[in-house]
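Colleague: output the structure for:
(one chain, ligands or ions: 2)
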Amino acid sequence: MDSILVTGNGPLQGQIPIAGAKNACLTLMPATLLSEEPLTLTNAPRLSDIKTMTQLLQSLGAEVSALQDGQVQAMSSHNLDNHVADYDIVRKMRASNLVLGPMLARLGQAVVSLPGGCAIGARPMDLHIHGLEALGAEIDLRDGYLHAKAPGGLKGAVIDLAFASVGATENILMAATLAKGTTVINNAAREPEISDLADCLRKMGAQIEGDGTSRIEVQGVDRLHGATHQVVTDRIELGTYMLAPVICGGEVELLGGRMDLVGAFAEKLDEAGVAIEETDAGLKVRRRGDRVKAVNVTTEPFPGFPTDLQAQMMALMCTADGVSVLEEKIFENRFMHAPELTRMGARIDVQGGTATVTGVERLKGAPVMATDLRASVSLILAGLAAEGETLVNRVYHLDRGYEHVVSKLSGVGAKIERIKGT
Ligand SMILES: CC(=O)N[C@H]1[C@@H](OP(=O)(O)OP(=O)(O)OC[C@H]2O[C@@H](n3ccc(=O)[nH]c3=O)[C@H](O)[C@@H]2O)O[C@H](CO)[C@@H](O)[C@@H]1O
Ligand SMILES: C=C(OP(=O)(O)O)C(=O)O
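Modeller: Ligands and ions are numbered 1, 2, ... in the order given. Predicted coordinates:
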């Protein structure tokens, strides 16, 4: 198994290009199932999760080819000859559940394994199920699989989500594009990935209004057609690399970065003493003083502080001046990085969903274990700020969400290398 060796250094200088968003691409790819005509995505990130989604779509009968070094995903779902999303693929990746809505809408049936849980917590689907049932689907759970059918087709309905779930909003939105009549999703998720999906669906002929707000309205159409769509910038990769010059000094420009993608996160950085400048090419970031100030963070649905940046923010707070309190409100087990950061000399006390971090002057390098995707990169960030060497093991988690992490960080002067495992 490969590992990543980071040697603490700094300051960092230069530019880092930000890729297309994993969490957008993983919902845009299943949208291909809604149409017989080809869907082409540009600016796709080169990640193992994208390969897993490719395998899943291919297993359903879609044709998927990655072009131009994986940045273009050309897909066609002309002949779908299977409607079963197998456990062996779904268990590898939560986003596999996003084939449920499109398959049900296009084929009138779908059998999709329930994802179960993952390292960060449970990944329930009750909100997806209630929403699709409101559209007329009949869904049973048998042998760990959701068996869904809508023999008479789906019909528009008003759906009030009990929580603004990103995945449920995506599944219901995709299904509603081909349902008869009007669907309203109240308390819809407002994440930029939802608006990106809605933009793509509109290019395919869907009639959608209100995405980006809590009320999305969809007028169903008989069929969708082909389209080409550019995947939105990855706000989580952006936020992660914004922290690199903050944690170990220097100034880095994040190419493609946009303030509207990182609002609440950027506000917290400003409070902590970070200067963020909007440039023609993206965002330029540097620390204003020698050390950032401790700030408190609570994760929330967009436009709040994203759960996917909590681990990275905790790494920063480990060397901040003062005490910070981080509250994780989205996933029940998303502090697995805390004990690993503690091995590097961090002072962290976790009580339930709250972590209290007392900043220390300097972390110390250590061998650490990556437990999930964002935990992995938080350990790399901590390694950049630590004295000596940090060896991050189990980096396959990282490959799910960060393309070319070594060349992106070494390109701005970080000492980082990938060590091939046996
Ligand atoms: C609100 C939020 O931050 N969502 C994040 C979540 O999306 P993802 O779509 O995976 O998760 P949801 O937004 O659906 O889930 C958020 C919360 O709702 C609960 N839930 C969800 C569905 C359901 O049917 N029933 C239910 O109870 C979950 O347990 C969780 O506590 O992970 C993605 C990958 O990390 C992030 O990009 C999303 O920003
Ligand atoms: C947890 C994440 O992804 P997933 O929902 O695909 O597990 C993430 O992107 O941080």
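Colleague: residue numbers of the chain in contact with ligand 2?
Modeller: Within the chain, the residues that sit near ligand 2 (C-beta under 6 Å from any ligand atom) are 22-23, 93-95, 118, 120, 308, 373-374, 401. All C-beta atoms are positioned from the backbone trio N, CA, C, and that covers glycine.
Colleague: which neighbours does the helix or strand bottoming out on mean pLDDT in the chain have in its sheet, and in what orientation?
Modeller: Ranking every helix and strand in the chain by mean pLDDT, DSSP states H and E puts strand 117-118 at the bottom, with a mean of 78. Counting by DSSP bridges, the strands paired with strand 117-118 are strand 121-122 (antiparallel).
Colleague: where are the low-confidence patches of the protein?
Modeller: Within the chain, no range satisfies pLDDT under 70.
Colleague: could you chop it up by domain?
Modeller: Domains of the chain are assigned by automatic domain parsing as 3-18+233-419, 22-230.
Colleague: check the separation of the first and last residues in the longest one.
Modeller: Meaning domain 22-230. 12 Å (C-alpha to C-alpha, to the nearest Å).
Colleague: measure how far that domain is from the centre of its chain, please.
Modeller: 15 Å (C-alpha atoms, centre = their mean, to the nearest Å).
Colleague: over to stretch 306-315?
Modeller: 12 Å.
Colleague: convert the C-alpha atoms of that stretch to CSV, please.
Modeller: Extracted in CSV, the C-alpha atoms of stretch 306-315 (Å, rounded to 0.1, in the frame of the first residue of the first chain):
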residue,chain,number,x,y,z
PRO,A,306,-18.6,22.5,5.1
THR,A,307,-18.1,19.2,6.9
ASP,A,308,-15.7,18.2,4.2
LEU,A,309,-13.3,21.0,5.4
GLN,A,310,-13.6,20.3,9.1
ALA,A,311,-10.6,17.9,9.3
GLN,A,312,-8.3,20.3,7.4
MET,A,313,-9.5,23.2,9.6
MET,A,314,-8.7,21.2,12.7
ALA,A,315,-5.1,20.6,11.4
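Colleague: phi, psi of the residue in the stretch 1-150 of the chain that ligand 1 sits nearest to?
Modeller: The nearest approach of the stretch 1-150 of the chain to ligand 1 comes at residue 127, 3.3 Å away (C-beta to the nearest ligand atom). Main-chain dihedrals, residue 127, degrees, to the nearest 10: phi -70, psi -40.
Colleague: that one is in contact with residue 168, isn't it?
Modeller: Yes - Residue 127 is within contact range of residue 168, at 3.8 Å (criterion: C-beta atoms under 8 Å).
Colleague: more neighbours: which of those two?
Modeller: Using other C-beta atoms under 10 Å, the more surrounded residue of residue 127 and residue 168 is residue 168, with 28 against 20.
Colleague: now the more buried one: how far from ligand 1?
Modeller: 5 Å (C-beta to the nearest ligand atom, to the nearest Å).
Colleague: and that residue, what helix or strand is that in?
Modeller: Residue 168 is part of helix 166-177, with elements assigned from DSSP states H and E.
Colleague: just checking: what are the partner strands of the helix or strand following that helix?
Modeller: The helix or strand immediately downstream of helix 166-177 is strand 182-186, counting by DSSP H and E. Here strand 182-186 has these sheet partners by DSSP bridges: strand 158-160 (parallel), strand 215-219 (antiparallel).
Colleague: compute the distance between residue 40 and residue 261, please.
Modeller: Separation of residue 40 from residue 261 (C-beta to C-beta, to the nearest Å): 23 Å.
Colleague: so residue 258 sits right up against residue 233, yeah?
Modeller: Yes - the criterion here is C-beta under 8 Å, and residue 258 meets it with residue 233 at 6.3 Å.
Colleague: before we move on, back to that, need the residues touching each of residue 127 and residue 168.
Modeller: Shared contacts of residue 127 and residue 168 (C-beta atoms under 8 Å, 6 or more residues apart in numbering): residue 161.
Colleague: for residue 383, what is the enclosing helix or strand?
Modeller: helix 373-385.
Colleague: apologies, that question was intended for residue 26.
Modeller: Here residue 26 is assigned to helix 22-31, by DSSP H and E.
Colleague: hmm, that helix in reach of ligand 1?
Modeller: Yes - using C-beta under 6 Å from any ligand atom, helix 22-31 reaches ligand 1 at residue 23.
Colleague: what helices and strands are in contact with the helix holding residue 168?
Modeller: Applying 3 or more C-beta pairs under 8 Å, 6 or more residues apart in numbering; DSSP states H and E, one finds that helix 166-177 makes contact with helix 22-31, helix 100-107, helix 126-134, strand 182-186, helix 192-203, strand 207-209, strand 215-219.
Colleague: next, format the ones you listed as JSON lines and append distance to residue 276.
Modeller: Output for these, formatted as JSON lines (distance: least, C-beta to C-beta, whole Å):
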{"stretch": "helix 22-31", "distance to residue 276": "22"}
{"stretch": "helix 100-107", "distance to residue 276": "37"}
{"stretch": "helix 126-134", "distance to residue 276": "34"}
{"stretch": "strand 182-186", "distance to residue 276": "33"}
{"stretch": "helix 192-203", "distance to residue 276": "18"}
{"stretch": "strand 207-209", "distance to residue 276": "32"}
{"stretch": "strand 215-219", "distance to residue 276": "30"}
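Colleague: of these, which is nearest residue 412?
Modeller: Of all the helices and strands packed on helix 166-177, helix 22-31 sits nearest to residue 412, with 21.3 Å by C-beta to C-beta.
Colleague: which residues touch that closest one?
Modeller: 39, 41, 44-45, 47, 49-50, 53-54, 57, 64, 73, 75, 93, 95, 98-99, 101-102, 166, 170, 174, 191-193, 196-197, 200-201, 204, 229, 231-232, 234, 236-237, 308, 400-401.
Colleague: which ones are touching the residue of the chain most remote from its centre?
Modeller: What lies farthest from the middle of the chain is residue 152; by C-alpha atoms, centre = their mean that is 34.4 Å. Contact analysis of residue 152 by C-beta under 8 Å, 6+ apart lists residue 136.
Colleague: in a strand, that's where it is, yeah?
Modeller: No - per DSSP: H, G, I helix; E, B strand; the rest coil, residue 152 lies outside any strand segment and is coil.
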